[in-house]
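In: Need a 3D model of the following:
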Amino acid sequence: AQETVRSFINHAINRMIETEHPAVIAKEDLTFVKEKGVKSDNSRFARKMRKRLNSWTKGQLDERIEYLSSKNSIETHDVNPAYTSQYCPICGQHFEERYGSHHELTKCKKCGEMNANIAAAKNILSRLTDEEITLYTPYKRVKEILASR
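Out: Okay, the predicted model is just below:
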């Protein structure tokens, strides 16, 4: 199973590098834990096992991104992930709710429906140049900053 995951991760990252040719990759700090309130699909596993699987996959993903980026002379930067999937990347409004079979959809009052993962990716990219929200800004302060914009 680990080799299958590693192979999938390598293939996906290599494909992204080949098609996008990025000079820089912004990525969220992958040391966080599961989002509160989102039911996990893997509830058949014991809590301890879910935690192990979760941390292993995130660690693998982070390590592979770092390795393959370095191999291809691409800079990587970790950014603060707090609230990236909860605010509209276009207008900055707080999303009301997430829905869909995997909580992947969300709706902005001004901009309409969008994929929360794509919104998060755009917000992660914008954090590269955000002078107020740094990697180590506490999540409560991040929320205050976002609410004031």
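In: Any stretches of the protein with poor pLDDT?
Out: 1, 30-46, 49-56 (pLDDT under 70).
In: Please, which helix or strand holds Glu132?
Out: Using DSSP states H and E, Glu132 sits within no helix or strand.
In: So what touches stretch 5-13?
Out: Identification of contacts with stretch 5-13 by Cβ atoms under 8 Å, 6 or more residues apart in numbering yields Thr57, Gln60, Leu61, Arg64, Ile65, Leu68. For glycine as for every other residue, the C-beta is placed from the backbone atoms N, C-alpha and C.
In: and the fifth one, which of the three is it?
Out: Same thing as Ile65. helix (DSSP: H, G, I helix; E, B strand; the rest coil).
In: again with the first one
Out: Following three-state DSSP, the label given to Thr57 is helix.
In: can you count the residues close to the residue lying closest to it once chain neighbours are set aside?
Out: Beyond its immediate neighbours in the sequence, the residue positioned closest to Thr57 (Cβ to Cβ, 6 or more residues apart in numbering) is Val5, lying 6.4 Å away. When neighbours are defined as other Cβ atoms under 10 Å, Val5 has 15 of them.
In: what about Val5, which helix or strand?
Out: helix 2-20.
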